[in-house]
Structures are given as structure tokens and as C-alpha cells.
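let's see this in three dimensions:
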Amino acid sequence: MSRPSNHEFQQWWNKQRETNPEVLLLKKPDETANGFLSLEIRTPTAESTVEKERTRSARQLSWVCLLKFQQIAGSLAWVTNGVVLLLRTANRRIASPNSPADSSTSRLYRAIKVFLALVLLLLGFELLAYFQGWHFSPPSVGSAAVLGFVERVYAHWLDIRANYLAPPLQSLTNLCIVLFLIQSVDRLILMFGCFWIKFRKLKPKAAMEYGDSPPMDEEGNENVEDYPMVLVQIPMCNEREVYQQSIAAVCVQDWPRQRMLVQVLDDSDELDVQMLIKAEVQKWQQRDYEFVAIFDADFQPGPDFLKKTIPHFKGNDDIALVQTRWSFVNKDENLLTRLQNINLSFHFEVEQQVNGVFLNFFGFNGTAGVWRIKALEDCGGWLERTTVEDMDVAVRAHLCGWKFIYLDDVKCLCELPESYEAYKKQQHRWHSGPMQLFRLCFVDVIRSKVSLAKKVNLIFLFFLLRKLILPFYSFTLFCIILPLTMFLPEAQLPAWVVCYVPGVMSILNILPAPRSFPFIVPFLLFENTMSVTKFNAMISGLFRFGSSYEWIVTKKSGRSSETDLVAFEKESGPLVRSNSLYRSSSESGIDELSKLEVSKKSVKSKKNRLYRKELALAFILLTASLRSLLSAQGIHFYFLLFQGITFLVVGLDLIGEQVKGSSQLKQPIVLLARVL
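Numbering: from 1, shown residues only. Modelled structure (predicted):
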């Protein structure tokens, strides 16, 4: 019995042949075949597979490009929004009639204005030449071709800048590069010295230590003869924000009260501040001294400060000064304080420590140090001939043969200026004073009986290289020469001078404060921005201009409060014990310090300023960055662009402390910080 035909299979087979003829191919039986159907299965060809992969890859690539384009568009919109907000803020600031402005009558500002007008004129001329094609085929004065009037002027300009302007500019550039390299070598040597100190664990060692328990005589009474007489001085001038905790911090020193005298040197001219300080002194008042400890009004020494510093004088009769390190309670308050912390961390961790270990000399920081009174008397005492009387007395003591000790592990709390106005005035005083002192003591250094090596260190390293050459080349090289080389391309400033060496130096500067590494680029740009202030101060002090003797007390905000001090003491060691040897006349001890009633501070609305020199230099650098685009100088363009933006931000007073309640001012700062 024959099997019935399967019509369902036949229908399925026919459908498969119709829909996919390439996969299934039914061959006809030939004559020699045995009657069976042969079935050949074919796979897709390699060409079709490659074509599909190419199609898929092209589609994926297009999606990736679209995504990248969207990201770029978003970034551009974000940056544009920040720039627009920044320009709006600048417009409001300039148009505001109540905005106090920086002095516009200084010699340096007038010179910068002339320079700005010159670069704007040159930029217009270069743009005209670029669109005329003269950059690619410059006209020549001796050419046989007929030149138009403007083309002839441009040809003469090319001849003048190549033969007369570029050579002296190149010579000045080479000089600044040499000074830059010398200063960089000095930084490297200081860093190697610091590494050696850390590697060998070199540190000053005291001949004795004071214990936690008071010494007793044979009869069981307290013996305080081992504690020398110490005079503690607190100079003040209208220190409304910090007077209370400063006096309290000194009065709770872990030192016998009969062996310590506290002097508050008040120069306040505000009557209410005088009354407040007088009342605070009466609150802590107590009944010839060998040492004097000095603290500025915002400095908060720990209760064991004297116990950690005085022992270093024992057995070392030639030691005049023991300087301790500053520790900042507001180093993370804003971008300005973070950048200051980087700079001062390098100063204390590297400069002061290396000079103290290997040279036994460094500049007294004016506070948080202990002097031997005999050394002060030997060198002539305090003189009012400069605005850096602390550095003055240190140099004179060094010339008299006295030695200094720096303690990096003993820290004294203080605060950093939180506004650019206060920081600018502080830096002006710090950089004009050394030049005043250099004029006054140069002959004394030459005639002194110290060794030749000490004379070279004082004159070349201490004064010339670190106080004069550093601000000179920094301002001249990056704010004057670099923009000029864009308009005088015959004089060249190598890329390694603009980018690589400053980058390496910035990394070295930031090593003592490794947590600040994300701020390395803003630090580099801000230090170049501050060069105009430091250069102006250096010139003022060197040539005795009027502003060099200006003394303005750095504004305090009261960040180093009682709470900060108590927290610091809990971390650094045991609190003051309730023993009469360790207490001052007040019986409250350290516990009262945390309960002191904070006086109500009068809140004054701060008005942002306009700093004209910084603004003028911002436009100079931005103009030079546009000129660098015509020459396709990548590194120079980016450096000029970001440096110009930094000058603009600083010139508009958009760094540090901001106007209270002005949230719109903070938006461009946040955006600009992200860009930088």
C-alpha cells in the first residue's frame, strides 16, 4: 500500500524556495542520477557579509559622531553661558556708580594703558594684512612691484620690526629666560634640601623638655626656677574680629603665671575697639624677662607653645629666634585661600625649613616666634625705618652672629585674607618692604664681619633672587614680552618657557600641599596675575615711591575663633590641666575659652572693586591671543587666553570674598572655575 503524498510539506517547501532562493536550491536530476533529488545548502557570500558589517559600522560611527557633536555643542553652550554671565557682571560692575575703583594715577597703570593702545593698533594692522594675504606673501620695500600706500606702510613696518625692534626685544627675552632658569634652579635646590631633611629626618632637638607635671622641691612646693621669664606681646590695631580669642589663647599658655608677662600693644584708633580691648585685658590681668614671644592679633598659639619652643634656647646661647609654622583655619574657605595655602605651604615647608637647617638663618615672619631679648638688644632692637621691621631685625641679628631655629612641627593657628583687596594690600607691603630694607642694609652687609658665603646668601639669594628678580621676570616675561612677541614674531619665546618649565615649577610648589593638586593650573595663572602687584610693590620700594611706605592692617574675618582653637588643641595634645602652674590668673582655664561670649560684629556690606591694572592687562593678553591665532601658535594662544581670562576675573574682583546676597556674581565664578 503506497503512502499518500504530503501536500503540507510540499507547500512549505515551495514557500521556502520563493522566499529564500539563495539558501535552498533544488537541482534537477540528471540522466545518470538514481532518481533522487539532490539538495545544496549555500551560506551567504563573504561579500554580502562584509557589506552588512560595513553598513552596521557606518551606522554606529554616525551615532558616535552625533553623540560627540552633541557633547561638544553642550560644552560650547555651557562655556558661552559662563562667558555671557561674566560679561553681564562686568557690565554691571563698570556701570555701577558706587563701585570703588583701583588707583588710576599710578605710573605703572599709565604705562599699561599706553601698551594697551599700542597692541590694539597693531592688532588692527595685522588683521588688515591677514585679510589682504600679506602674511603669506609679505611685501618687500625693495620689491620691483608697484605697492599701494597701505601695502608700502606694512612693508616698512616689517623692515622696522625685523631690524630695529625685534633684536632688543629678543635680548630682553633671553635675559628674562636666564633669570627664570636661575630662579628655577634655586627652587630645585630648595626642594632637594627639603627631601634630604625628610629622608634623614633632620630636625632641631631641644636640650631639655618640660613634663606634664609641675616640678617640686624637697618640701613639696612647686619649683618654677626651671621656667625662664617670658614676655608675650600681642600687637593690635582695630582688631575687632579677633582681639578676644587672641588674648585668651595667650593667657591660657601652659606656663607658670609668675614667670610670664603678657603685653597687649594696642594701636587702635577706633574708640569702641579700644574700650573692648581694655576690658579684655582687665579680665585677664596678672601680677627682667629673658625671652619675648610675639603673636599677631589673629594668631592662636596652643597652650603648650612655650613648652615646645623655649627648650631650644637651653644650652644654645647663640640662638636668637625660634620660629614656628603657620597653620590656617580657613584654607578651604574659597579659591583665593586655597591658592594662598599652596604658596605659604611651600614657603614654610621648604624655604624656611631648608634655610633653618642648613644656614641657621631665615626671614622672621613677624609673628608666632620667640626671641631672646638679649639678641634684640644686641642688634639695635625694633626700628621703624621700613614696613618690614620683622625682616629688618632678623637681618641685623644675623649680621651680629646670632642663629635661628625653625620648628616645622610646631604650628600656630591663624587665618588667611579672604578678599582679594586685603590680599593685594598684604602682598604690596610684603614686597615693597624688602626693597626698602635692601637699600638700607646693603652697605652694612658688605662691611659686616660675617663670612663671604653669608654675604652672598643675603645679597644674591635672600634679596635679589627671591625678592627682586622673581617679580621682575614673572611680570616682564609673561605680561609684557609674551604679548609683544605675538606682534613681533621675529623675537621668539620658546614654548618650553611658556608651558613646560612653569608647569614643572608649579608641581614643585604644590608638593608641600598635595591636597591642592587639582588647583595647579589656577595656581600657575593666579601667580602670574599677582606678578603685577608684586612688581609694582618692588619698584615702589626700590625707588621710594609714596605707596611703598603705606601701612594697612590686613583685614581679618575672625575665622580663627574659640571653637577652632579648642578643636585644634583636642587634636594636638592634652588640654590644660587644672593646676595653678598651668593656669593664668583666671581660674577658668581652657574650658572658659570655649564658652567666651562672642561679641556681635557689625556687618558691613562689601563693595567689589575694579582693579584697573589687572583689567588693562587682561585686554592686552586677550588681544595678543587673537593675534596668535593668525600665526597658529597653539600653546601661546591657550596660555594667553586663559591668562587673560584670569586677569579679567581678578580685575573685576570676582575671586575670593563676594558681595553678600549677590548670587548672580557667583554663577560666572563657578562656570569659570570649571573651565580652568
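
what about stretch 380-392, distance to the chain center?
Between the centre of stretch 380-392 and the centre of its chain there are 27 Å (CA atoms, centre = their mean, to the nearest Å).

buried ones in it?
Using 16 or more other CB atoms under 10 Å as the test for burial, stretch 380-392 gives 386-392. Using the backbone N, CA and C atoms, a C-beta is placed for each residue, glycine as well.

repeat that for stretch 273-284.
273, 276-277, 280-281, 284.

okay, now the unreliable bits of the stretch 451-600 of the chain?
Along the stretch 451-600 of the chain, the model assigns pLDDT under 70 to residues 556, 558-600.

which residues touch residue 113?
residue 616 (CB atoms under 8 Å, 6 or more residues apart in numbering).

what helix or strand is it located in?
In the assignment (DSSP states H and E), residue 113 maps to helix 107-131.

which ones among the buried residues of stretch 380-392 map onto helices?
Per DSSP state H, helices hold the following members of these: 389-392.

now, which of those residues sits nearest residue 152?
residue 391 (57.9 Å; CB to CB).

wouldn't that closest one be in contact with residue 431 here?
No - at 11.4 Å, residue 391 does not count as touching residue 431 under the criterion of CB atoms under 8 Å.

still on that earlier bit, could you dump the buried residues of stretch 380-392 to CSV with pLDDT and distance to residue 176?
Below are the buried residues of stretch 380-392 laid out as CSV (pLDDT from 0 to 100; distance: CB to CB, whole Å):
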residue, pLDDT, distance to residue 176
386, 90, 28
387, 88, 28
388, 92, 26
389, 92, 32
390, 93, 31
391, 95, 26
392, 96, 30
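
pipe those residues into CSV and attach distance to residue 309 per row.
As requested, these are exported to CSV (distance: CB to CB, whole Å):
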residue, distance to residue 309
386, 26
387, 26
388, 22
389, 21
390, 17
391, 20
392, 22
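
just those now: which is nearest residue 301?
residue 390 (16.8 Å).

name all residues that make contact with that closest one.
Going by CB under 8 Å, 6+ apart, residue 390 touches 363-367.

distance-wise, check it relative to residue 363.
Distance of residue 390 to residue 363, computed by CB to CB, to the nearest Å: 8 Å.

any idea how far residue 519 is from residue 357?
If you go by CB to CB, the gap between residue 357 and residue 519 works out to 29 Å.

show me the contacts for the residue nearest the centre of the chain.
Nearest to the centroid of the C-alpha atoms of the chain, with distances taken as CA atoms, centre = their mean, sits residue 339, at 3.2 Å. Contacts for residue 339 (CB under 8 Å, 6+ apart) come out as 519, 522-523, 526-527.

which of those has the most neighbours?
residue 526 (25 neighbours; other CB atoms under 10 Å).

may I have the helix or strand containing it as CSV, with CA atoms only?
Assessed by DSSP H and E, residue 526 sits inside helix 520-542. Extracted C-alpha coordinates of helix 520-542, given in CSV (Å, rounded to 0.1, in the frame of the first residue of the first chain):
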residue,chain,number,x,y,z
ILE,A,520,47.7,73.5,40.0
VAL,A,521,46.5,75.3,36.8
PRO,A,522,44.6,78.1,38.7
PHE,A,523,47.7,78.5,40.9
LEU,A,524,50.0,79.0,38.0
LEU,A,525,47.7,81.5,36.3
PHE,A,526,47.0,83.4,39.6
GLU,A,527,50.7,83.7,40.5
ASN,A,528,51.3,85.3,37.1
THR,A,529,48.3,87.6,37.8
MET,A,530,49.8,88.6,41.2
SER,A,531,53.1,89.5,39.5
VAL,A,532,51.7,92.9,38.5
THR,A,533,51.1,93.7,42.2
LYS,A,534,54.5,92.3,43.3
PHE,A,535,56.3,94.1,40.5
ASN,A,536,54.6,97.4,41.3
ALA,A,537,55.5,97.0,45.0
MET,A,538,59.1,96.0,44.3
ILE,A,539,59.6,99.1,42.1
SER,A,540,57.9,101.3,44.7
GLY,A,541,60.1,100.1,47.5
LEU,A,542,63.3,100.2,45.4
